[in-house]
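# Output the structure for:
(chains A and B)
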Amino acid sequence: MAETKDIADSLRSNRPDGSGSRDGTPIVQMSGIHKSFSGVPVLKGVDFEVCSGEVHALAGGNGAGKSTLMKILQGVYSMDAGEIKIDGKPVKLSSIHGARAAGVGMVFQEFSLVPTLTVAQNVFLAAEPMGPLGMINDRESVRRAREEFTDMQVEVDATARVEDLSTAYWQLTEIAKALAQDARILIMDEPTASLAKHETDSLFELVERLKARGIAIIYISHRMDEVYRIADRITILRDGGRLFTRSLAEVTREEIVEGIVGHKIEGELEYKERAARDRREVLLEARGLNAGRRVRDVSFQLHKGEILGLAGLMGSGRTELARILFGVDRLDSGEVQLNGQRVEIGNPREAAAAGIALIPEDRREQGLVLSHSVRDNLLLPLLKRLEVGPLISDRKGNDLARSLIQRFSVKVANMAHPVRLLSGGNQQKVVIAKWLGTEPDVLIMDEPTAGVDIGTKSEILDMIRDLADEGKGVIVISSEYPELLAVSDRVVVLKDGAVLNVLNRRDIPDEESLQLAVQGV
Amino acid sequence: MATSTVTPPETRAGGLRDKLTGVDWHRYVIYIGFVVVFLFFAVLLHGEGFLSANNLLNILRQTATVTVIAVAMTFVIASAEIDLSVGSVAGLSSVVAAMALSQWGLVAGVVAGLAVGLVVGAINGGLVATLGIPSFLVTLGMLGIASGVAQWVTASAPQPILNDTFNLIFGSGNLGPIPGLILWSAVFVVVGHVALTKSRYGREVLATGGNRTAAEFTGINTKRIKFQVLLISAVVASIAGLLYAGRLQSGRYQWGTGDELSAIAAVILGGTSLFGGSASVIGTLFGALLIGLINNGLILAGLDASQQQVVRGGIIILAVALARKR
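Numbers count the residues shown, from 1 in each chain, chains lettered A, B, ... in the order given. Just a heads-up that it's a prediction; the model follows:
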């Protein structure tokens, strides 16, 4: 153990500073990587490297090529030209299996575990320790999984079924799975997206320990604070090329943001006072909503032209409240009024008819039909409007889709292409555009900027402000406090399913006080 | 004839390799396969009269009922469900129609046959949509029930149909030079194709099959969609039963036996995803025709029934393997 520490220390002292002198040992070197899809170049000669014991942040806007580059490293895509060296030796990563064997592990943003199997079974999935008769030795996998978790210095019940654990444990299981296969390069894609703050903290402690073991970590995140907290170097991709690789010690936040977005963004997360928010009418009123244990006696008002933030820890009932308002889940008691009229919302159809729209938390699972085209996704809630007699008018549909794409500046080469080919930020815009096409009065947005790059994020926040200015009522759920503070006029704080507090924006001086309010201190 | 339905997708300027990889040729495997098999038999079986107008019409006539069933099956599979009961529903419908016909006449016979589809479809759809039982299990059970009832009520005896009007309308008649059966299947293909590609219903079926959660969040009543596709499938199967009854001028529980597998094979061959979300009725038509073509060609080539089954199975596996998306 002491020996590993020494190695880690020596690595630390040799940390490459990105200014040209690379005296660390690069474990992965990708050079001149080219890749095109259907003739459209996505990567145009990208160079990228990561050293052992280094956390290397990879950043870039929508369509910059981050995920394509990582998929090449994982053996999912084959590159058109270029070279990959691992430990200085050229390798061909032609399959996921091959990449694993070369030591590349991935902690998936959408977890790749089998929920019905135990933690240990997942860790050794397809690499199970065998007994003498060629039968799987489950006891041995449990023992080795425990060993792995001990090494990681985390506590996970190796015999628990994955579906019974929270997402934080899923992630730890993923990491253990990669390590059990002797991964020396870990790719973490937005690993904190679904973690609460203390879980994020322990993840970062784990990352530090992995670094000390000499493991190289490629860290993809849109959250600048995290990048500064744990990464050693950052590489920024733009338009399929590498903009720069620099040590984080010598690059400013502004430079990074400008690098990603392509232009300066000023005050992207500053609260902007919006005009005419005084003589407001109540648009939506919730009275004593109860549903199971997750929503308890919740009452609040949403005014016309108001942005209402919903803050709270994971499991505080934020998402559940949104689901109730949109009719996905049923109310046990309580009532919802729209414009002073009581409305019964038993399912999403009734909610939509009443003028309520929900941008759901999980755009891939709940927001989009990934295999369908951008156009078909946009038009799905609007089909009624396109009907001429019993049939849909293609011309009307194309016109409407085109105008939505323009209005919400969705970047898409061809709207007949499947929506799954779009980047996360553009997919999110499609979900928003799809729902705003229905002209709702009340818009509920659950984590509207999760997994979206900074440029798109500020676009979406501006969109939210514009919508409120048009007189719509917007409810924003977010676990990112700066974002919540940037748009909300008032913040409803939920804890254990109940309203803990309702704060005016001007009574929240800074992020810390919101954090304290959420923790109920 | 086959190629006229193929429109090349947009390609971008780029290298030849890009162009070739850009074209999703897996989608057109059924049409390519159809042409290849057709040409193969045309050359090989020229002497056996494969290309005679009579033989070609025969192929169309023999595949008509499976085509009709497969069109409705396309919607079922597009919504990520399956209907295994269609073959035995056709058989049950044929015997119920025949018995009602002999008792109460033409209209009663047709209504009784359709009622079989309505009842079975409502049960299938209701169990799947409201109780959430997988359609595979519900319709597998229904396959046995419908077939058993058909044998039971007839004591396994054929029920002759002597009503000439019925026989003429459902399958035995011709409209000018065109056999009525072919017209029936043409109507189903056209209506199915337009409904799938041009109507709100078609889009909602595809969305339900593509991602049920997202469809539900978008305000689509996915339970209703699942109920409807299974209801329609059973009603269409009962119409296929009437077509069997009319063509063979009798109702028998054996009519339609095994059609569920031919129909599912036709749908999958036609490029519809077995997991829902993407579908093509025209593809289904060519899938059914390809199966008919193979059956006919193998008979003309003098293979016996057991050999036919082996070759047919091999060709279907090969075609599906080629059509598979990577």
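
# partner residues bridging A:Leu237?
A:Gly60, A:Arg242 (DSSP bridges).

# Am I right that A:Val42 sits in a strand?
Yes: assignment of A:Val42 by DSSP: H, G, I helix; E, B strand; the rest coil places it within a strand.

# you'd agree it is up against A:Lys35?
Yes: counting by CB atoms under 8 Å, A:Val42 touches A:Lys35, with 5.3 Å between them. Heads up, the C-betas are built off the backbone N, CA and C, glycines and all.

# Look at the two and report which has more neighbours.
Taking neighbours as other CB atoms under 10 Å in any protein chain shown, A:Val42 and A:Lys35 compare with A:Lys35 leading, 22 against 19.

# what about the more buried one, distance to chain B?
As judged by CB to the nearest CB, to the nearest Å, A:Lys35 and chain B stand 12 Å apart.

# out of everything not next to it in sequence, what's closest to that residue?
A:Leu43 (4.3 Å; CB to CB, 6 or more residues apart in numbering or on different chains).

# Then A:Arg363?
Spatial nearest neighbour of A:Arg363, excluding adjacent residues (CB to CB, 6+ apart): A:Val431 at 5.0 Å.

# In PDB, list the C-alpha atoms belonging to the strand or helix carrying the one you found.
Assigned by DSSP states H and E, A:Val431 belongs to helix A:424-436. Listed next in PDB are the C-alpha coordinates belonging to helix A:424-436 (Å, rounded to 0.1, in the frame of the first residue of the first chain):
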ATOM      1  CA  GLY A 424     -27.800  15.700 -25.600                       C
ATOM      2  CA  GLY A 425     -28.400  19.400 -25.800                       C
ATOM      3  CA  ASN A 426     -30.200  19.300 -29.100                       C
ATOM      4  CA  GLN A 427     -32.300  16.400 -28.000                       C
ATOM      5  CA  GLN A 428     -33.400  18.400 -25.000                       C
ATOM      6  CA  LYS A 429     -34.300  21.300 -27.300                       C
ATOM      7  CA  VAL A 430     -36.400  18.900 -29.300                       C
ATOM      8  CA  VAL A 431     -38.300  17.800 -26.200                       C
ATOM      9  CA  ILE A 432     -38.800  21.500 -25.200                       C
ATOM     10  CA  ALA A 433     -39.900  22.400 -28.700                       C
ATOM     11  CA  LYS A 434     -42.200  19.500 -29.000                       C
ATOM     12  CA  TRP A 435     -44.100  20.600 -25.900                       C
ATOM     13  CA  LEU A 436     -44.100  24.300 -26.500                       C
END
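
# contacting residues around the residue nearest to A:Arg363?
A:Ile359, A:Pro360, A:Arg363, A:Gly367, A:Leu368 (CB atoms under 8 Å, 6 or more residues apart in numbering or on different chains).

# repeat that with 7 Å
A:Val431 is in contact with A:Ile359, A:Arg363, A:Gly367, A:Leu368, counting by CB atoms under 7 Å, 6 or more residues apart in numbering or on different chains.

# Could you give the number of residues near the residue nearest to B:Phe217 when sequence neighbours are not counted?
Across the structure, with CB to CB, 6+ apart as the measure, the residue nearest B:Phe217 apart from its sequence neighbours is A:Gln366 (4.8 Å). In terms of burial, A:Gln366 registers 21 neighbours under the definition other CB under 10 Å.

# Now A:Gln366: phi and psi?
phi -110, psi -20 (degrees, to the nearest 10).

# before we move on, what about B:Ala265?
In terms of degrees, to the nearest 10, the main-chain angles of B:Ala265 are phi -60, psi -40.

# gap between it and chain A?
Here the criterion is CB to the nearest CB. By it, B:Ala265 lies 22 Å from chain A.

# Closest approach to chain A from the stretch 151-300 of chain B, which residue is it?
Residue of the stretch 151-300 of chain B nearest chain A, by CB to the nearest CB: B:Gly210 (3.8 Å).

# What residue, apart from its backbone neighbours, is nearest residue 142 spatially?
In the absence of a named chain, chain A is used. Distances taken as CB to CB, 6+ apart place A:Ala120 nearest to A:Val142, at 4.4 Å, with adjacent residues excluded.

# let's do chain B instead
Once chain neighbours are set aside, the closest to B:Met142 by CB to CB, 6+ apart is B:Ser85, at 3.8 Å.

# Wait, the one you found touches B:Ala146, no?
Yes: B:Ser85 sits in contact with B:Ala146 when judged by CB atoms under 7 Å, with a separation of 5.8 Å.
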